[in-house]
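In: Provided below for reference: sequence and predicted model.
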Amino acid sequence: MSDQSAENHDKRLENADTSGQETDQGVLSNDTAGAPAVDAAIPPWEEQPKEEQPKEEQPKEETQSQPAVQPEKAFSDPFLQKHDGAKKTPRPIIEADTIPTSIPATVPLGATAVELPLSKNHQGENFYIASFFMPKDKAVLVHQAYDFARVCDDIADSPVLATLDKRGRLEGFKRALMGEEEDPDYQRGFALRQTLLEHSISLDYMLGLMDAFLMDVDKSRYQTWAELQHYCHLSAAMVGRMMLDVFGEHKSLYPLSDAICYALQMLNHLTDMKKDLHDLDRCYLPADLMHAHHVSMDDISAQDLSPNLRACLDEALGRVQDYLTVGSGLAQEVEDPRLAIEVSALITVLTKWHGLLIKNDPLAQEIALSKGEKMWHFMKGAWHGLMA
């Protein structure tokens, strides 16, 4: 390891236990511009008929009567119109009475032909929310979305399905979310769509997550950090924004939530970089960062970190620390005290996880908190959230 790399790593070791402290740093961005004003003009189908002046009778032309436009149907799902904008002939929206009516709130995992038997433990993954303090109605929605995500994730990561098969199944679930798929094998998508609409939660979030799963099928390398962050926006930040909406929080908090979600997803990728390359032939470490530190795929496949890969990992962890710093104030900003507890607990766990990666070698050993450590840090963070 060069003297400069060793000095930088020693500084990170000294700061590892103090990472995650609040600063006065601003948020990443704010893409929450206000919506345009609604035109309150009386629609033409509700205008009062004008008095007609007497005039000479003329032969009437036979015309076919047109039904009155019903705005609640014409604009029942504007998101579908947005996603179909590039098509010359948009696919018809399936009316509610054509979708199976006996959709259970919870569909057993692996219940249909397009779903796979559960192949891995998802308890520790980023979508799972510790819902000790979550109201029952919100917990049902979140767990239903989580089950949907884990089914799609298993399809995207399957070692036995061909690429076309993976894409076909994932696109089927996406169509079910959009109300464009009638095949009962995709009933989990129907059920989640129904629940989201009942709670007035936008479909954008889960559709964004579906786009991330589809990226996993087709894309295995990332050229820049910005490209990786875009993937993390779809795969993690969309879930964070949905959670804010579920709790009725303001959209101005999206940038803080995004930062926490980026940190969470990046820590996942950095922890599992050797496993992802070996099992899935995926590398989430951006190529430009690897090139800057003269890191190759062989370095990631090695038994332990090379000096160059250690320096590369430290730079990536520095950027993750920036995310944690930006998002550290989220727990103090949310209105719902139960969500504040959840967020504070999550930030505490991520800070500890970040410190473990600074101090340890993820190629040589498993970087993970034990159940006891997770509970301790969760309760520690929950206490800070309660006091916020």
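Out: Sure thing, it's come through.

In: after the helix or strand hosting Leu264, next one along is what?
Out: Using DSSP states H and E, Leu264 sits in helix 254-271. Moving toward the C-terminus from helix 254-271, the next helix or strand (DSSP H and E) is helix 273-280.

In: In that next one, which of the residues would be classed as buried?
Out: Using 16 or more other Cβ atoms under 10 Å as the burial criterion, the residues of helix 273-280 that qualify are Met273, Lys274, Asp276, Leu277. Every C-beta, even on glycine, is put in place using the N, C-alpha and C of the backbone.

In: Nearest residue to the second one in space, please, no chain neighbours.
Out: If I follow you right, that is Lys274. Taking Cβ to Cβ, 6 or more residues apart in numbering as the measure, Lys274 lies nearest to Leu363, with 5.1 Å between them; neighbours along the chain are not counted.

In: Who are the contact partners of that neighbour?
Out: By Cβ atoms under 8 Å, 6 or more residues apart in numbering, the residues touching Leu363 are Met273, Lys274, Ile300, Ala302, Gln303, Asp304, Leu305, Leu309.

In: how about a cut-off of 6 Å?
Out: Shown here is Leu363, whose contacts under the criterion Cβ atoms under 6 Å, 6 or more residues apart in numbering are Lys274, Asp304, Leu305.

In: Pretty sure the last one sits against Asp361.
Out: What that stands for is Leu305. Yes. Applying Cβ atoms under 6 Å, one finds Leu305 in contact with Asp361, separated by 4.9 Å.

In: And the helix or strand containing Ile341, what does it pack against?
Out: According to DSSP H and E, Ile341 maps onto helix 337-359. When contacts are defined as 3 or more Cβ pairs under 6 Å, 6 or more residues apart in numbering; DSSP states H and E, helix 337-359 packs onto helix 330-333, helix 371-387.

In: For that helix, list every residue counted as buried.
Out: Buried residues in helix 337-359, defined by neighbour count with 16+ other Cβ under 10 Å: 338-358.

In: May I have it as PDB, with CA atoms only?
Out: Only the C-alpha atoms of helix 337-359 are listed here, as PDB (Å, rounded to 0.1, in the frame of the first residue of the first chain):
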ATOM      1  CA  PRO A 337     -42.800  10.000  15.800                       C
ATOM      2  CA  ARG A 338     -43.100   6.300  14.900                       C
ATOM      3  CA  LEU A 339     -41.300   7.000  11.600                       C
ATOM      4  CA  ALA A 340     -38.700   9.100  13.400                       C
ATOM      5  CA  ILE A 341     -37.900   6.000  15.500                       C
ATOM      6  CA  GLU A 342     -37.600   3.800  12.500                       C
ATOM      7  CA  VAL A 343     -35.400   6.300  10.600                       C
ATOM      8  CA  SER A 344     -33.100   6.900  13.600                       C
ATOM      9  CA  ALA A 345     -32.700   3.200  14.200                       C
ATOM     10  CA  LEU A 346     -31.800   2.600  10.500                       C
ATOM     11  CA  ILE A 347     -29.200   5.400  10.400                       C
ATOM     12  CA  THR A 348     -27.600   4.000  13.600                       C
ATOM     13  CA  VAL A 349     -27.300   0.500  12.000                       C
ATOM     14  CA  LEU A 350     -25.900   1.900   8.700                       C
ATOM     15  CA  THR A 351     -23.300   4.000  10.600                       C
ATOM     16  CA  LYS A 352     -22.100   0.800  12.400                       C
ATOM     17  CA  TRP A 353     -22.100  -1.100   9.200                       C
ATOM     18  CA  HIS A 354     -20.100   1.600   7.500                       C
ATOM     19  CA  GLY A 355     -17.500   1.500  10.300                       C
ATOM     20  CA  LEU A 356     -17.200  -2.300   9.900                       C
ATOM     21  CA  LEU A 357     -16.300  -1.900   6.200                       C
ATOM     22  CA  ILE A 358     -13.700   0.700   7.000                       C
ATOM     23  CA  LYS A 359     -12.000  -1.500   9.600                       C
END
